[in-house]
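Visitor: Sequence plus the predicted model coming up.
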Amino acid sequence: MYVVVAPMETMVMETGRNELPWTPEEQKLLEQALRTYPNGTPERWDKIAGCLPTRSKKDCMMRFKVTRQHQRVRDDSILPRVCLKVHFIFTSKVQKLTLV
């Protein structure tokens, strides 16, 4: 039995998706393309996908969406809320001490 392996570029063009994990090099290319083609650029995602030969437009859009969601989760993490709560507890105790 023989297995025919097509180049990754061909597979992406035929299926519209590359199921392999993103490499650090691909991530760097995506980040550079996002800076090169800012929001509002006509046909932005087509141009971004053109910078990544192993990824489709759909791959790039999904990766952007996922990384943006991860960034929001980090920004909304529990740590700032815990720090704020500790700050309020500490300052209220200090205020009570000064009133005595």
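Guide: Received, thanks. None of the values given here were measured: they were computed from a predicted structure.

Visitor: Test my guess that K58 contacts D46.
Guide: No - counting by CB atoms under 8 Å, no contact exists between K58 and D46, whose distance comes to 11.1 Å. (Each C-beta comes from the backbone N, C-alpha and C, glycine too.)

Visitor: between the two, who's got more neighbours?
Guide: Neighbour tally, K58 and D46, criterion other CB atoms under 10 Å: the higher count belongs to K58, 15 against 12.

Visitor: give the contact list for the more buried one.
Guide: For K58, the residues meeting the contact criterion (CB atoms under 8 Å, 6 or more residues apart in numbering) are 16-17.

Visitor: in what helix or strand does it lie?
Guide: helix 57-75 (DSSP states H and E).

Visitor: after the lowest-mean-pLDDT helix or strand in the chain comes which helix or strand?
Guide: In the chain, the helix or strand scored least confidently by mean pLDDT, DSSP states H and E is helix 8-15, which has a mean of 52. Later in the chain than helix 8-15, the nearest helix or strand by DSSP H and E is helix 24-36.

Visitor: Could you count how many residues lie near the closest residue to L34 other than its chain neighbours?
Guide: Spatial nearest neighbour of L34, excluding adjacent residues (CB to CB, 6 or more residues apart in numbering): I48 at 6.6 Å. By the other CB under 10 Å criterion, the neighbourhood of I48 contains 23 residues.

Visitor: ditto for G16
Guide: Burial of G16 is recorded as 11 neighbouring residues (other CB under 10 Å).

Visitor: again, but for S56
Guide: S56 has 20 nearby residues by other CB under 10 Å.

Visitor: For L20, see how far away it is.
Guide: As defined by CB to CB, to the nearest Å, S56 lies at a distance of 12 Å from L20.

Visitor: returning to what we had before: the residue nearest to L34 sits in which helix or strand?
Guide: Element membership of I48 [criterion: DSSP H and E] is helix 44-50.

Visitor: and that helix, what does it pack onto?
Guide: Packed against helix 44-50, as judged by 3 or more CB pairs under 8 Å, 6 or more residues apart in numbering; DSSP states H and E, are the following elements: helix 24-36, helix 57-75.
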